[in-house]
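Colleague: Can you look at this prediction? I've put the sequence above it.
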Amino acid sequence: MSGDSARPATRSLKGATIKRLITALILLPIVILIIVKGGAFLFAALLAVFACIGVNEFYSMAMPERILESRLASMFSAVLVLSPFAVGSHLVLTAIGSLFLLFAILFLFRIRNLSNAASEVSYAVLAFLYIPFLLMHLVLLRQTSYGVQWLLVIMLIVMTNDSAAYYTGSAFGKTKLYPLVSPKKSVEGSLGGLLGSICGTLIAKFTFFPQLTFVDVFVTALVIGALGQVGDLFESLLKRSFGVKDSGTIFPGHGGVLDRLDSILFAAPVTFYYTIYLFKG
């Protein structure tokens, strides 16, 4: 009986792995093509779509009954991501302040339960700061001198980090990293992920981004890699708090948009500011 019961579980795991692989093989080349050949605005438009879907996922987890607010927040999130093209980066804070006032007034006059009002307003503010505001830094990064290369570096770091952390953790993981938030992650896996990030950034240096110094390689690999892991933990914290396994189901085998962007969201602003203030090029 035990052998028979193990077969469906193994078959299910293989099926999920195949779904993940097929989704990645379709989605990844499209994203890379848009980054490299699509131009800054098309890339921003792609992020605006991701922001719209991601905010809708957030509302579905945090406040599923807030349908009108979810739709408005999704629409304004897409606009916020595109705002650097329309008003310039210096007016982004103005846009965020205006959105806060708008949604504060909206929630004020659409009270459902007074005891939940403060938490719902907090969720609304968090949704804007967590998703479109952080994503917008990728739009700003794309417009810098080496924007395309930096975007590819972020992707390489995140992918090599995730893969190395998974295999290192599976083989050597013994010490729990943060069991309250993510019981399966280990310290050994985390360290392996950072090593993978260094390898990924070295690949970037010796292939398409020779302007990176070895200091750039190690600093960005460790900082972006560590922040990517923190971003993954932060989304796990949110999902556990809301009592869900995945943020959505839009990507078969991968979950929702937030499940795919959690590491990149935290890496985006740090990479942009590193490029602006520290990278010599």
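Modeller: Yes, it's here. These figures come from a predicted structure and were not determined experimentally.
Colleague: mind checking how far stretch 201-218 is from the chain centre?
Modeller: 23 Å (CA atoms, centre = their mean, to the nearest Å).
Colleague: make that stretch 224-243, sorry
Modeller: With CA atoms, centre = their mean, you get 9 Å for stretch 224-243.
Colleague: same check, this time on stretch 259-272
Modeller: On CA atoms, centre = their mean, the centre of stretch 259-272 falls 5 Å from the chain's centre.
Colleague: what's the weakest-modelled helix or strand in the protein?
Modeller: helix 2-37 (a mean of 69; mean pLDDT, DSSP states H and E).
Colleague: Can you list the buried residues in the helix or strand just after that helix?
Modeller: Next along the chain after helix 2-37, taking DSSP states H and E as the criterion, comes helix 39-62. Residues of helix 39-62 classed as buried: 40, 43-48, 50-62 (neighbour count, 16 or more other CB atoms under 10 Å). Heads up, the C-betas are built off the backbone N, CA and C, glycines and all.
Colleague: elements contacting helix 39-62?
Modeller: helix 2-37, helix 67-86, helix 117-128, helix 134-142, helix 214-242, helix 257-277 (3 or more CB pairs under 8 Å, 6 or more residues apart in numbering; DSSP states H and E).
Colleague: what about 6 Å?
Modeller: On a contact count with 3 or more CB pairs under 6 Å, 6 or more residues apart in numbering; DSSP states H and E, helix 39-62 meets helix 2-37, helix 67-86, helix 117-128, helix 134-142, helix 257-277.
Colleague: Tell me which of the ones you listed sits nearest to Gly189.
Modeller: When the helices and strands packed on helix 39-62 are compared by CB to CB, helix 257-277 sits nearest Gly189, at 14.0 Å.
Colleague: Counting neighbours, which bits of that closest one end up buried?
Modeller: 257-272, 274-275.
Colleague: I'd say Val153 and Ala204 touch.
Modeller: Yes. Val153 lies in contact with Ala204 (CB atoms under 6 Å); the separation is 4.9 Å.
Colleague: what about these two, which has more around it?
Modeller: Neighbours were counted for Val153 and for Ala204 using other CB atoms under 10 Å; Val153 has more, 27 against 24.
Colleague: Secondary structure element holding that one?
Modeller: Using DSSP H and E, Val153 falls in helix 147-172.
Colleague: Counting by contacts, list what that helix packs against.
Modeller: Counting by 3+ CB pairs under 6 Å, 6+ apart, helix 147-172 packs on helix 187-207, helix 214-242, helix 257-277.
Colleague: Let's have those helices in JSON lines, adding distance to Arg66 and mean pLDDT.
Modeller: Output for the helices and strands packed on helix 147-172, formatted as JSON lines (distance: least, CB to CB, whole Å; pLDDT from 0 to 100):
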{"stretch": "helix 187-207", "distance to Arg66": "35", "mean pLDDT": "97"}
{"stretch": "helix 214-242", "distance to Arg66": "13", "mean pLDDT": "96"}
{"stretch": "helix 257-277", "distance to Arg66": "17", "mean pLDDT": "95"}
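Colleague: For those helices, please prepare a markdown table with the additional fields distance to Gly173.
Modeller: Output for the helices and strands packed on helix 147-172, formatted as a markdown table (distance: least, CB to CB, whole Å):
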| stretch | distance to Gly173 |
| --- | --- |
| helix 187-207 | 5 |
| helix 214-242 | 14 |
| helix 257-277 | 19 |
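Colleague: show me the contacts for Leu42.
Modeller: Ile34 (CB atoms under 6 Å, 6 or more residues apart in numbering).
Colleague: burial of Val79, as a residue count?
Modeller: 15.
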